[in-house]
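*Asks:* Here you go, sequence then predicted model.
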2 protein chains.
Amino acid sequence: MFNFILESESSTTKARTGRFTTCHGTVKTPVFMPVGTLASVKSLTPEELREAGAKIILGNTYHLYLRPGCDIINLFSGIHKFMHWDGPILTDSGGFQVFSLAKLAKITEQGVQFQSYIDGSKHMLTPEAAVNAQICFNSDIIMCLDQCIKYPANLKEAKEALDLTSRWAKRCKKVWEETTSKKNALFGIVQGGMYPELRKASAENIAETGFSGYAVGGLSVGEPKNVMIDIASATIPMFPVLKPRYIMGVGTPEDIVELVSLGADMFDCVLPTRNARNGQLFTRFGKINILNARFKNNTGPIDNQCSCYTCRNYSTAYLRHLITTKELLAYRLNTIHNIYYYTNLMKNIRHAISTDRFDAFKKDFYEQRRQV
Amino acid sequence: MFNFILESESSTTKARTGRFTTCHGTVKTPVFMPVGTLASVKSLTPEELREAGAKIILGNTYHLYLRPGCDIINLFSGIHKFMHWDGPILTDSGGFQVFSLAKLAKITEQGVQFQSYIDGSKHMLTPEAAVNAQICFNSDIIMCLDQCIKYPANLKEAKEALDLTSRWAKRCKKVWEETTSKKNALFGIVQGGMYPELRKASAENIAETGFSGYAVGGLSVGEPKNVMIDIASATIPMFPVLKPRYIMGVGTPEDIVELVSLGADMFDCVLPTRNARNGQLFTRFGKINILNARFKNNTGPIDNQCSCYTCRNYSTAYLRHLITTKELLAYRLNTIHNIYYYTNLMKNIRHAISTDRFDAFKKDFYEQRRQV
């Protein structure tokens, strides 16, 4: 049965550490979850993910529902055995993808009607269908179906979407209660656009329904950074203290440090994996692009203080050669480094909070970035 | 110093086992060498190559000369450290690629003038330059520059190309003798098109010059299978018995079994790696294409008798899902399987020869393929 324990709190910020337990193991928070959209964190094996420090990964319901489909995943009793990852898996509900990828999505009270971006086939994603798909996936953390809106959205649109999201959340909880033994967690999602008062109302509403954890959806959709922080800042305090708080789809290392300061516990983002495939690597001094000619003769690792497999065994010049020549190994070695950077950042964050030195950690984090 | 020991011979065929020693380790023959064109066997790390049974890999002089260039590889004292592979490396001379990939290649007595396929820059590849590049790469086995011809070619073209190849071979040997301590091997290459009498003349000529090992070039260029076997059959017996014999760019598992019967010791081919990326996997029952819909629900491994990492951990259904969705992990898992298939085939071949049961092995090899 899913459970979350709060372990320490920063005395100067709202940052906190804890751990949650799932059927597939325990995860320390704050945690970053690498994205494995189609039951694969692009280019990596589960063994490499573990070596790079990943403890929990994310899958996308929308993509997995279309390919390979629930019937195939059911043959393996879930995603874990299908993809050979025995750690915890969180799946999003498909809400975000239906709006961003599907053709002709039509929203009704019942759910979202959409056409597959692959073959044009018609589908109906209801709150019940979204939860049932995730039950079939045996996701350790199931997300409620939410209605995502474009940015910017007016107050009326934002209000209507949050109200629908609240009604859908109740339906999600009902099907989860009726068809599972509740051993897997169900998280509620807050919407409300960039309106703090709507966010508060949404958070209260979702908290009242009651979930295993709480997520902030609809951020990192194009809004300015300070707006994102303001919205998170207005929303997080509305959540029950003793439940995990997940900021969906965020973000840069800087975003994560700031959101941890506000009391956030969980993050996911395609940034480390997608950037890796473009040659953009994270270091304690900031982001570098190894396609840059200045790395051509660099016989040293990307970061001489990094202990990842890539930095231990390969030079920056070799990594540049691989990405320049579009060698497949480039994507792997870069992804390993970037995931390690993120998991190591989270480890350092947890250590700083638990020793109540998170302020000093933040100062140091930003100072190193100014040294480039 | 390179050295080759003949260890056993089949009593019913010309098949033989042996081993050669290089500065980077000893290799049992017959051996298959996976192709790592640009200092990377596409999608795999050196650790995975080893686990898949690879003992020696091949690099391409033409590609490495253009990118990253000798100056960069020189910073690492060779390819081994550059790419983090500490086993033996054989590099081809660039002759084949100059003719197949370069623009406006112009052959003179001096060498080949060509334009880079990447940026149109002009280069001159002489026998001396080809050997010097491979010395800079610290290749354990250096190949002479040869003149490759198109298929079909008439007798005059084939004769001229083989004569030039013989003259270039002498120049290659001279620069190798003068500028190295000869610790790395230099192999001569036989040409002569599809004319057995030219092949014999070429082999005699090259053997007279004297090399650490002998290669048959210009096969697998579009000729019918029986012609390829006839040419190899006419050429191999002309080589000194106590030197390794390498059939360049060949081939299918069936080709390899046949050429081993004729006394060949070394092979390289893009087939296992390239096919892997297209979803074509080798099994003891023959080749399968996992994009085929019949594998959609297959929860078993590709081959339940295969011990590779892929077959130990992943189902055929998952592999099909990965390649269908173009996930990068597909290329890796398929490549691991195919390389393991080839290295395991060679292991079985060596065992069969050394126990003098190669005939029985061949019979079994073909019978399993008829069971599909």
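*Replies:* Structure's in. What do you need?

*Asks:* and A:Thr22, backbone torsions?
*Replies:* Torsion angles at A:Thr22 (phi, psi; degrees, to the nearest 10) stand at phi -130, psi 180.

*Asks:* Setting aside sequence neighbours, what's the nearest residue to it?
*Replies:* A:Asp140 (3.9 Å; Cβ to Cβ, 6 or more residues apart in numbering or on different chains). From N, CA and C alone the C-beta is placed, and that goes for glycine too.

*Asks:* hang on, A:Ile72 packs against B:Thr299?
*Replies:* No - using Cβ atoms under 8 Å, A:Ile72 makes no contact with B:Thr299, being 9.2 Å away.

*Asks:* what about whichever residue of the stretch 1-150 of chain A sits closest to chain B, which SS state?
*Replies:* Distances between the stretch 1-150 of chain A and chain B by Cβ to the nearest Cβ are smallest at A:Ser43, namely 3.9 Å. Three-state call for A:Ser43 (DSSP: H, G, I helix; E, B strand; the rest coil): coil.

*Asks:* Quick one: neighbours of it, just the number.
*Replies:* When neighbours are counted by other Cβ atoms under 10 Å in any protein chain shown, A:Ser43 registers 25.

*Asks:* what do you get for A:Thr299?
*Replies:* As a burial measure, A:Thr299 scores 13 neighbours (other Cβ under 10 Å).

*Asks:* Likewise for A:Asp86?
*Replies:* A:Asp86 sits with 12 neighbouring residues when counted by other Cβ under 10 Å.

*Asks:* what sits against it?
*Replies:* When contacts are counted by Cβ atoms under 8 Å, 6 or more residues apart in numbering or on different chains, A:Asp86 touches A:24-25, A:46, A:80.

*Asks:* ok, back up a step: for the residue nearest to A:Thr22, what are its contacts?
*Replies:* Taking Cβ under 8 Å, 6+ apart, we find A:Asp140 in contact with A:2, A:22-24, A:56, A:88-90, A:184-185.

*Asks:* Show me what from chain A comes close to chain B.
*Replies:* Proximity of chain A to chain B, by Cβ under 8 Å from any Cβ of the partner chain, involves residues A:38-40, A:42-45, A:67-68, A:72, A:75-76, A:82-84, A:296-297, A:299, A:313-315, A:317-318, A:321-322, A:324-325, A:327-329, A:331-333.

*Asks:* Pretty sure A:Leu333 sits against A:Cys308.
*Replies:* No - using Cβ under 8 Å, A:Leu333 is not in contact with A:Cys308, being 9.1 Å away.

*Asks:* who's more crowded, the two?
*Replies:* Counted by other Cβ under 10 Å, A:Leu333 and A:Cys308 do not tie: A:Leu333 has more neighbours, with 27 against 23.

*Asks:* picking up where we left off before, which residue is the nearest non-sequential neighbour of the residue of the stretch 1-150 of chain A closest to chain B?
*Replies:* Excluding its sequence neighbours, the residue lying closest to A:Ser43 (Cβ to Cβ, 6+ apart) is B:Leu328, at 3.9 Å.

*Asks:* helix/strand/coil for the residue located most distally from the centre of chain A?
*Replies:* When distances to the mean C-alpha position of chain A are computed (Cα atoms, centre = their mean), the maximum falls on A:Asn297, with 35.9 Å. State at A:Asn297, reduced to three classes by three-state DSSP: coil.

*Asks:* Now do the same for it: its pLDDT.
*Replies:* The model reports A:Asn297 with a pLDDT of 97.

*Asks:* try A:Asp92
*Replies:* pLDDT at A:Asp92 comes out at 97.

*Asks:* A:Lys296 against B:Ile72, yeah?
*Replies:* Yes - counting by Cβ under 8 Å, A:Lys296 touches B:Ile72, with 6.8 Å between them.

*Asks:* Find residues that contact each of these two.
*Replies:* Residues within reach of A:Lys296 and of B:Ile72 at once, by Cβ under 8 Å, 6+ apart, are A:Ala317.

*Asks:* which residues of the stretch 151-300 of chain A fall in strands?
*Replies:* Here the stretch 151-300 of chain A has its strands, by DSSP state E, counting those that start in this stretch, at A:185-190, A:213-216, A:245-247, A:266-268, A:280-283, A:286-289.

*Asks:* rewinding a little: contacting residues for the residue nearest to A:Ser43?
*Replies:* Residues A:40, A:42-43, A:328, A:331-332, B:43 are the ones in contact with B:Leu328 under the rule Cβ under 8 Å, 6+ apart.

*Asks:* in the stretch 251-372 of chain A, what spans have low per-residue confidence?
*Replies:* A:372 (pLDDT under 70).

*Asks:* Model confidence score at A:Cys148, please.
*Replies:* Listed pLDDT for A:Cys148 reads 93.

*Asks:* and what of A:Cys172?
*Replies:* pLDDT for A:Cys172: 98.

*Asks:* Quick check: it touching A:Gln134?
*Replies:* No - contact criterion Cβ under 8 Å: A:Cys172 and A:Gln134 do not qualify, at 9.5 Å.

*Asks:* Just want to know which of the two has more residues nearby.
*Replies:* Using other Cβ under 10 Å as the criterion, A:Cys172 and A:Gln134 rank with A:Gln134 on top: 34 against 29.
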